[in-house]
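[1] Mind folding the following:
(2 chains)
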There are 2 protein chains.
Amino acid sequence: MAETIIVTGGTGFIGRHAVEDLVARGFKVIVPTSRDITDGVDGATYLTCDLTDAADRDKLIGEANASGLLHIAWRAAVSGLWGAPENIDWLQSSLALGRAFLDAGGQRITLCGSCGEYDWTSGMCIEDQTPLRPNTIYGTAKVSVMHGLSAMCQTAGATLATGRPFFIYGPREHESRLTAYVIQCLMRGEEAACSHGMQLRDYSHVADVGRGMAALAASNLAGEYNIATGEAVRVKDVILEIAKAIGRPELVKLGAREAPAHEPPLIVADMAKTRASGLDWAPRFTLESGVADTIDWFRANA
Amino acid sequence: MAETIIVTGGTGFIGRHAVEDLVARGFKVIVPTSRDITDGVDGATYLTCDLTDAADRDKLIGEANASGLLHIAWRAAVSGLWGAPENIDWLQSSLALGRAFLDAGGQRITLCGSCGEYDWTSGMCIEDQTPLRPNTIYGTAKVSVMHGLSAMCQTAGATLATGRPFFIYGPREHESRLTAYVIQCLMRGEEAACSHGMQLRDYSHVADVGRGMAALAASNLAGEYNIATGEAVRVKDVILEIAKAIGRPELVKLGAREAPAHEPPLIVADMAKTRASGLDWAPRFTLESGVADTIDWFRANA
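    Below you'll find the model as predicted:
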């Protein structure tokens, strides 16, 4: 009998790729959703559920009878994510969901963490070494959830794995985010007002991140794993790659806006632990192919 | 008008000393309690409340109308604390209490943390430097609470201070804990089976810890502060001080039991940050006077 796994956020930016991958791996995948689904993944089961509602959570856990939980859902990744009050709702709902899952006999939780959990003054983010010292409410809430679920899993004799995505772009990206913003400006023939772009970041295509979270959920690994590329690229190189692919480099205005105050010069994942872990995953997209794929999606969905 | 502060755990081992100190500092102190109080602090107000019950929490917050919350309550510190499932209840109840307090306009939370939040392989525990990497469920739950309350306080525009006690002894200590165990054995003329006792620990008298938590709550400080002595003493030196004071050194059996597996050779607080903070507090007890005070209490309450 196929193993059953609940994937929260399974209709979202990262989650839909995780659902595809887990279905392909032969899992029975249950996706709680508060939206009407018109483009669900074939083979996945969608259940109506508001994860911030206790009765809905209990109903989901009861109906799913799952051994695994891949928890990706969080507040929609719109502008202001780092400091939004909804982070508090998701903090408490995440802990309550984890507890309900474990109380019903759940065996394994995989949490979608964030590079925002690390002390960003370190630049290089190394699991089990770089301190978890977030400087945003979002990152602080994620650290709280990880430790809370860890305490719960230890108590229940279950395992917890945390996958940490870094910077993500790709199809369905919210329009307020960098890549989607630049692509849409340039497609419309409008100027894209960017920061200096000298920041070094670890950028991943969202499908690679989703597959990475799925691979982690499908594994027996416990602990924390960066799900990224390990390569630092300048933000302006991402922007200029988009401009080159669309053919409108003159519309890019580097330095036209301030870089966010809380963002340091370098944030990159150390990938040694993930690579040595035996995790059945590696990124498939290069920056070039990832940007091309993203532009294709925005053109097809303009 | 006096500032009002809720002190959870205010009838307990640490908390009663905090309540005394805050009353002496002129605060209006509200103490939620699930027990009948026969020896309350004069001037403090005791309200019946089960902090793990949502309706009781809301009632407390509504009745207290407090600007401050000093959160010391946790599961009773009995044997098995480090791994007990009740830690999960207190994790979730602590976050829910904090949220209810802030939603009602609360301005400042002071949390009683633990040295168990630190990575104990470091030996020396330095705030903002030693990684928070607990190896117990208790410590993990406390880290989750601190980050969760931090996210909540940032969102609400309130301040959070965390005081971290280290190893504590003193009057009313639970009989399963080292100092109480040795004192009671020796008072009864029985052998005390101890570990080798070579572990170096930072030991504080509980009244000093309670006063330290109160001073932190009364201050405007934000962030994390060790509430300890900064001096590492061997566990056997604590034991032998008791034996000397009671006059029965021959009953102490060092090496008669294994040291707990998860306990490293050295755990000591760096006190530089606390000392430089301007906190209106310093420990009053030496090991000698603290042990004498503790023995006096156990003799009076035998």
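[2] per-domain residue ranges of chain A.
    What automatic domain parsing lists as the domains of chain A is A:4-166+A:205-228, A:169-200+A:232-268+A:290-300.
[3] could you dump these to CSV with distance to chain B, mean neighbour count and mean pLDDT?
    For glycine as for every other residue, the C-beta is placed from the backbone atoms N, C-alpha and C. Formatted as CSV, these follow (distance: least, C-beta to the nearest C-beta, whole Å; neighbours: other C-beta atoms under 10 Å in any protein chain shown; pLDDT from 0 to 100):
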stretch, distance to chain B, mean neighbour count, mean pLDDT
domain A:4-166+A:205-228, 4, 21, 94
domain A:169-200+A:232-268+A:290-300, 12, 17, 94
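[4] which other helices and strands contact the host helix or strand of A:I267?
    Per DSSP states H and E, A:I267 falls inside strand A:266-269. Strand A:266-269 sits against strand A:124-125, strand A:200-201, with contacts defined as 3 or more C-beta pairs under 8 Å, 6 or more residues apart in numbering or on different chains; DSSP states H and E.
[5] which element follows it toward the C-terminus?
    Sequence-wise, the next helix or strand downstream of strand A:266-269 (DSSP H and E) is helix A:272-276.
[6] Whichever helix in chain A runs longest to helix B:137-156, inter-axis angle?
    Identified as the longest helix of chain A according to DSSP state H is helix A:137-156. Put simply, helix A:137-156 runs at 160 degrees to helix B:137-156, going by axes from the mean of the first three to the mean of the last three C-alpha atoms, to 10 degrees.
[7] Output helix A:137-156 as CSV, nothing but the C-alphas.
    Taking Å, rounded to 0.1, in the frame of the first residue of the first chain, the C-alpha atoms of helix A:137-156 are listed here in CSV:
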residue,chain,number,x,y,z
ILE,A,137,9.5,38.2,12.1
TYR,A,138,9.1,35.6,9.4
GLY,A,139,12.5,34.0,10.1
THR,A,140,11.9,34.2,13.9
ALA,A,141,8.5,32.4,13.5
LYS,A,142,10.1,29.7,11.4
VAL,A,143,12.8,29.1,14.0
SER,A,144,10.1,28.8,16.6
VAL,A,145,8.1,26.3,14.5
MET,A,146,11.2,24.2,13.9
HIS,A,147,12.1,23.9,17.5
GLY,A,148,8.5,23.4,18.5
LEU,A,149,8.0,20.6,16.0
SER,A,150,11.3,19.2,17.1
ALA,A,151,10.2,19.0,20.7
MET,A,152,6.9,17.4,19.6
CYS,A,153,8.6,14.8,17.3
GLN,A,154,11.1,13.9,20.0
THR,A,155,8.3,13.4,22.5
ALA,A,156,6.2,11.3,20.0
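[8] Which secondary structure elements does it sit against?
    Under the contact criterion of 3+ C-beta pairs under 8 Å, 6+ apart, helix A:137-156 touches helix A:86-103, strand A:108-112, strand A:159-165, helix B:86-103, helix B:137-156.
[9] between those, which one is nearest to A:G9?
    Among the helices and strands packed on helix A:137-156, strand A:108-112 comes nearest to A:G9, with 7.3 Å by C-beta to C-beta.
[10] how distant is that closest one from the center of its chain?
    12 Å (C-alpha atoms, centre = their mean, to the nearest Å).
[11] hmm, who's touching that strand?
    Identification of contacts with strand A:108-112 by C-beta atoms under 8 Å, 6 or more residues apart in numbering or on different chains yields A:9, A:14, A:67-72, A:74, A:94, A:98, A:101-102, A:145-146, A:149, A:153, A:158-163, A:165, A:213, A:216-217.
[12] any idea how far A:R57 is from A:G12?
    The gap separating A:R57 from A:G12 is 18 Å, by C-beta to C-beta, to the nearest Å.
[13] is it true that A:D237 touches A:V291?
    No. Counting by C-beta atoms under 8 Å, A:V291 is not a contact partner of A:D237; they are 10.2 Å apart.
[14] Can you name the residues in contact with stretch A:21-41?
    By C-beta under 8 Å, 6+ apart, the residues outside stretch A:21-41 that reach it are A:2-8, A:10-11, A:15-16, A:19-20, A:42-51, A:56, A:60, A:63-64, A:66, A:68, A:70, A:73, A:210-211, A:214-215, A:217-218.
[15] Out of those residues, name the ones that lie in strands.
    A:4-8, A:45-48, A:68, A:70 (DSSP state E).
[16] and the two most separated of those?
    Spatial extent of the ones in strands among the contacts of stretch A:21-41 (C-beta to C-beta) is set by the pair A:T48 and A:G68 at 20.6 Å.
[17] residue farthest from the centroid of chain A?
    Within chain A, A:E250 marks the point farthest from the mean C-alpha position, 31.8 Å out by C-alpha atoms, centre = their mean.
[18] picking up where we left off before, got a markdown table for the ones in strands among the contacts of stretch A:21-41, with distance to A:E241 too?
    Formatted as a markdown table, those follow (distance: C-beta to C-beta, whole Å):
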| residue | distance to A:E241 |
| --- | --- |
| A:T4 | 40 |
| A:I5 | 35 |
| A:I6 | 36 |
| A:V7 | 31 |
| A:T8 | 32 |
| A:T45 | 38 |
| A:Y46 | 35 |
| A:L47 | 39 |
| A:T48 | 40 |
| A:G68 | 37 |
| A:L70 | 31 |
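[19] Of those, which is the nearest to A:Y138?
    Each of the ones in strands among the contacts of stretch A:21-41 was checked against A:Y138 using C-beta to C-beta; the closest is A:T8, at 16.7 Å.
[20] measure the closest one to B:N301 for me?
    52 Å.
[21] swap in A:V238?
    The gap separating A:V238 from B:N301 is 69 Å, by C-beta to C-beta.
[22] Equivalent analysis for A:F167, please.
    A:F167 is 61 Å from B:N301, where distance means C-beta to C-beta.
[23] what does A:G123 give?
    56 Å.
[24] what do you get for A:Y169?
    Distance of A:Y169 to B:N301, computed by C-beta to C-beta: 66 Å.
[25] again, but for A:Y225
    52 Å.
[26] And A:T274, by the same measure?
    56 Å.
[27] Out of these two, name the residue with the larger neighbour count.
    For A:T274 versus B:N301, neighbours defined as other C-beta atoms under 10 Å in any protein chain shown are more numerous around A:T274 (25 against 8).
[28] quick one: secondary structure of the residue nearest to that one when sequence neighbours are not counted?
    The shortest distance from A:T274 to any non-neighbouring residue, by C-beta to C-beta, 6 or more residues apart in numbering or on different chains, is to A:Y225 (4.7 Å). Following DSSP: H, G, I helix; E, B strand; the rest coil, the label given to A:Y225 is strand.
[29] what sits against A:Y225?
    A:127, A:161-164, A:216, A:273-274, A:277, A:279.
[30] And the residues you listed, which is closest to A:C185?
    A:R164 (29.8 Å).
[31] which residues does the closest one form a beta bridge with?
    Beta-bridge partners for A:R164, by DSSP bridges, are A:N226.
[32] check contacts around it.
    Under the criterion of C-beta under 8 Å, 6+ apart, the neighbours of A:R164 are A:113-115, A:117-118, A:125, A:127, A:224-228, A:269.
[33] same thing with A:A292?
    Residues in contact with A:A292 (C-beta under 8 Å, 6+ apart) are A:A245.
[34] Centre of the chain to the host helix or strand of it, how far?
    Following DSSP H and E, one finds A:A292 within helix A:287-300. Here helix A:287-300 is found 18 Å from its chain centre; the criterion is C-alpha atoms, centre = their mean.
[35] again with stretch A:132-148
    Its chain's C-alpha centre and that of stretch A:132-148 lie 15 Å apart, by C-alpha atoms, centre = their mean.
[36] Then stretch A:122-139?
    16 Å.
[37] now what about that stretch, what contacts it?
    Residues outside stretch A:122-139 that contact it (C-beta under 8 Å, 6+ apart): A:81-84, A:87-88, A:114-120, A:140, A:142-143, A:164, A:166, A:223-226, A:262, A:264-270, A:272-273, B:128, B:131-133, B:147, B:151, B:154-155.
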